[in-house]
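**Q** Just need the structure, nothing else, for what follows:
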Amino acid sequence: MRFIALGALTAGLAALSACGGGDTPAENAAENVEEAAENESDMLEAQADNAQNEVVEERLEEQADVVEDAGEQKAEEMAGDNTVGM
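**A** Purely as a prediction, here's the structure:
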């Protein structure tokens, strides 16, 4: 009996994990947008670290900040969170 209960519990947990934890498709898409912006921002920061010119380095870091902020804002809009700037 214990074996059957454990099997049922395992199957139930597997089914829940396959659902993605209850996130909606909009929340998943918003998370993907934010992660893509963070990846692009990280790439720009890496380029800034390798820049030979201080002015170029500063511009790349500024651009990285802008990209990350825009990604966060877009993700919040997609997820239905309209509290941006509050």
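**Q** quick one: low-confidence parts of the chain?
**A** Low-confidence segments of the chain, defined by pLDDT under 70: 1-22, 81-86.
**Q** ranges for the strands of this protein?
**A** Remark: no strands are assigned in the chain by DSSP state E.
**Q** Can you show me the helices along it?
**A** 2-18, 25-49, 54-78 (DSSP state H).
**Q** Please produce CSV containing these, extended by mean neighbour count.
**A** Any C-beta I mention is one placed from the backbone N, CA and C, and that applies to glycine too. CSV is the format used below for the helices of the chain (neighbours: other CB atoms under 10 Å):
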stretch, mean neighbour count
helix 2-18, 9
helix 25-49, 15
helix 54-78, 15
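**Q** what separates the closest residue to residue 51 other than its chain neighbours from residue 32, distance-wise?
**A** Counting by CB to CB, 6 or more residues apart in numbering, residue 51 lies nearest to residue 57, which is 4.0 Å off, once chain neighbours are set aside. Here residue 57 is placed at a distance of 29 Å from residue 32 (CB to CB, to the nearest Å).
**Q** can you pull the contacts of residue 80?
**A** With CB atoms under 8 Å, 6 or more residues apart in numbering as the criterion, the residues that contact residue 80 are residue 26.
**Q** my bad, should have said residue 38
**A** Contacts of residue 38 (CB under 8 Å, 6+ apart): 68, 71.
**Q** what about it, distance to residue 72?
**A** Distance of residue 38 to residue 72, computed by CB to CB: 9 Å.
**Q** cool, residue 80 as well?
**A** From residue 80 to residue 72 the distance is 15 Å (CB to CB).
**Q** Could you do residue 56 as well?
**A** 25 Å.
**Q** what does residue 34 give?
**A** According to CB to CB, residue 34 stands 6 Å off from residue 72.
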